[in-house]
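Quick one, fold the following:
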Amino acid sequence: MSRAGNVCEPAGDVDQAREAVRRLATGVSVLTLADENGTQGTTVSSVGAVSREPLLVSCCLRTGSTFARLLGPDGRFAVNVLSHGQALVADWFAHAGRPGGIRQFDPVDWRPDPVSGAPVLSGALAWFSCRLAGRITAGDHEVLLAHVTGGATGTGWPLLSYQGRLHAAELRGVVRRTAQVSSVWD
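Predicted structure coming up:
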């Protein structure tokens with residue numbers, strides 16, 4: 001049962017629908033690249049696992065972003081999954097006024113990804129090397145589809161984006177009782 005006040009009425013209210021979409025909690029990452037076209041980083045909150053075999057991820061970028069423009073057709077880049085203590089890093093790589101090129105990495109500790117050469121940010125919860133598999137235009141964004149070619153994990157908790165703000169959250173597993181759930185739906 002649901003209450004009418006908690007349901008988005010199908011009246012075509014775009015603002016209400018946008019607010020509903022802002023209720024998706026997502027991890028925050030910084031995409032990085034370094035190649036003959038330049039060095040660039042950008043904050044995103046839309047990285048997702050697409051396939052396990054082959055291992056593919058998707059990343060969404062605003063159409064016309066510098067990162068999308070610099071990433072070549074067979075481009076290699078890194079995804080840095082930010083930890084809960086890296087909100088300032090997320091803000092920095094989202095700030096349009098930061099310096100361009102390699103200088104934008106001056107305030108952060110990093111090392112080159114051994115596969116792509118892209119900056120891997122110290123303190124990240126995880127990072128993975130990617131090779132571009134395709135691009136799809138979707139509304140005012142471009143979806144990058146990429147093969148994951150390497151990576152490693154760190155420790156800590158994720159930095160999350162929820163309702164347009166950054167959040168540090170300590171995640172707790174929930175008890176799952178599949179037998180009880182099955183009996184409810186039978």
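
Which elements pack onto the helix or strand where Leu33 lies?
Applying DSSP states H and E as the criterion places Leu33 in strand 29-35. Contacts defined by 3 or more Cβ pairs under 8 Å, 6 or more residues apart in numbering; DSSP states H and E place strand 29-35 against strand 38-44, strand 55-62, helix 66-70, strand 76-81, helix 87-94, strand 119-121. (C-beta placed from N, C-alpha, C; glycine too.)

and if we set it to 7 Å?
strand 38-44, helix 66-70, strand 76-81, helix 87-94, strand 119-121 (3 or more Cβ pairs under 7 Å, 6 or more residues apart in numbering; DSSP states H and E).

how about the spatially most central residue of the chain, what does it touch?
By Cα atoms, centre = their mean, the chain has its centre lying nearest to Val47, at 3.4 Å. By Cβ atoms under 7 Å, 6 or more residues apart in numbering, the residues touching Val47 are 27, 29, 57, 59, 79.

for His147, same thing?
Counting by Cβ under 7 Å, 6+ apart, His147 has contacts 54-56, 130-131, 133.

where are the low-confidence patches of the protein?
Applying pLDDT under 70 to the chain flags the ranges 1-11, 179-186.

Swap in 90 and give it another go.
1-25, 35-38, 64, 72-74, 115-116, 164, 169-186 (pLDDT under 90).

can you pick the most crowded of the contacts of His147?
Using other Cβ atoms under 10 Å as the neighbour test, these are led by Cys130, with 30 neighbours.

what sits against the spatially closest residue to it that is not a sequence neighbour?
Residue nearest to Cys130 in three dimensions, not counting chain neighbours: Ala146, with 3.8 Å by Cβ to Cβ, 6 or more residues apart in numbering. By Cβ under 7 Å, 6+ apart, the contact list for Ala146 reads 56-57, 59, 130-133.

Kindly report the same for Ala126.
So Ala126 contacts 81, 151-154 (Cβ under 7 Å, 6+ apart).
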